[in-house]
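Asker: Fold the following, please.
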Amino acid sequence: MATTISELINQLESQDYDYYLEMMLDSVPEDIDTREGSVIYDALAPAATVLAEQALNMAEIVRETYISTADGQFLDYRAAEHGTARIKATKAQVRATATDETGAALTTVRVGDQFSSIGAEPITYTVQGVEDDHSFIMVSDTAGASANSYTGQILPITPNDALSYAKITAVTVPARDDEDDETLRSRLLQTTPWLAYGGNVADYQAMIADIVEVGAVQIYPTWNGGGTVKLVILSADMKVPSAELISDVTKQIDPAQGLGYGLAPIDHRVTVVAPTPVTVNISATIEVDTAGGYTKQAVQSTIESAIDQYFAQLVKSWGTPDAATGRSYKLTVMRSQILAKILGVAGVTNSSLPTLNGKEEDIALVFNSQTSQLPVRGAVILNG
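Answerer: Now for the predicted structure:
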């Protein structure tokens, strides 16, 4: 008897054609021929096929019934039952400049003009606003994080005879992709004993959750006296937010410092800030499989990518309160985890335990009402 959802699914999926055929043939009297090709065998075989298909269908129904195993559209249905929905992809906001043939700032860019990136899969943008210095703010026409990594030359789609050169100088508000199944599942299964109400911590968590441009938040109540709240935020790509994003969030939460014109309650003075980046330089001595044609230089970029994956996974819990206290935050860059990533790279046969910023110790990040740090991967130095 299955005791968990996974066991029940595995049990149903194991009930294949052979399972049902053998079960039925075992019920046939011994004096009847049940060999393959016999009348009774040929009569029961189609029924075994149908029963096996039904068992697979039942396993799929069970899988899509529960939050812990549902996926895709069926997980969306469960989210709707809980009064929420999958967070949709957003569009990237960028800052751009344009010059005429003399090199002077172009003054003829207008709201609604369109531009395109260059490359095999161009990204199109629409101008949303023009600044006093004639730089302009654009938003990507397509939602998703693909626009986060592009800066550089752009080409006009809207004709502009005075334009000589235009470029994106910065991604001011990064976009995010559609929320994946595992993140949505985690949100649905997460429980909290606190009701979001009246400006408590749970209330601020709910406010920020509705601002899709924000990837994570740390909340510090009464950080500068009664009625003060500090929100330390990350952008949707879990990096240090731009000044534009901080300004946008401030306008939504508390645009008039305690007057109650935003989401924050009256008399709550909310400060929205970015975390302090902490660069983590990594050094290790490695051995590579030279017989297999590997060199230290050849594995360098792959090791860096593997370490980047560790940092990305680490930062996912940046805004999650410490389970032990429920009120503070805790995050440590661990040398052992970085070592595991290095050893998992093809061609690396051995590695020393890496040093972090020249020290043989993990880096415990500082989280308090005055300082909130964010780990950023620095140089990766491979010796050997």
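Asker: drop to CA atoms for contacts and neighbour counts, all remaining ones
Answerer: OK.
Asker: Any idea how far apart the tips of stretch 267-277 sit?
Answerer: 31 Å (C-alpha to C-alpha, to the nearest Å).
Asker: if we look at it, which residues are touching it?
Answerer: Outside stretch 267-277, the residues that touch it by C-alpha atoms under 8 Å, 6 or more residues apart in numbering are 199, 227-234, 240-241, 246, 249-250, 253-254, 257-260, 264, 371-376.
Asker: element containing the closest residue to L356 other than its chain neighbours?
Answerer: Counting by C-alpha to C-alpha, 6 or more residues apart in numbering, L356 lies nearest to I282, which is 5.0 Å off, once chain neighbours are set aside. Taking DSSP states H and E as the definition, I282 sits inside strand 276-288.
Asker: List the strands paired with that strand, with their directions.
Answerer: If you go by DSSP bridges, strand 276-288 pairs up with strand 348-351 (antiparallel), strand 355-356 (antiparallel), strand 373-383 (parallel).
Asker: Save these as JSON lines, and put in mean pLDDT, distance to D181 and mean neighbour count too.
Answerer: Output for these, formatted as JSON lines (pLDDT from 0 to 100; distance: least, C-alpha to C-alpha, whole Å; neighbours: other C-alpha atoms under 10 Å):
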{"stretch": "strand 348-351", "mean pLDDT": "96", "distance to D181": "33", "mean neighbour count": "16"}
{"stretch": "strand 355-356", "mean pLDDT": "97", "distance to D181": "34", "mean neighbour count": "21"}
{"stretch": "strand 373-383", "mean pLDDT": "96", "distance to D181": "26", "mean neighbour count": "17"}
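Asker: For E101, which of the ones you listed is the nearest?
Answerer: When those are compared by C-alpha to C-alpha, strand 373-383 sits nearest E101, at 39.4 Å.
Asker: still on that earlier bit, just the ones of the contacts of stretch 267-277 in helices?
Answerer: Counting by DSSP state H, those place 246, 249-250, 253 in helices.
Asker: among the residues you listed, who's most crowded?
Answerer: Of all the ones in helices among the contacts of stretch 267-277, the highest neighbour tally under other C-alpha atoms under 10 Å goes to I253, namely 26 neighbours.
Asker: so that residue touches L259, yeah?
Answerer: No: contact criterion C-alpha atoms under 8 Å: I253 and L259 do not qualify, at 11.0 Å.
Asker: V333 is nearest to which of the strands paired with strand 276-288?
Answerer: strand 373-383 (7.7 Å).
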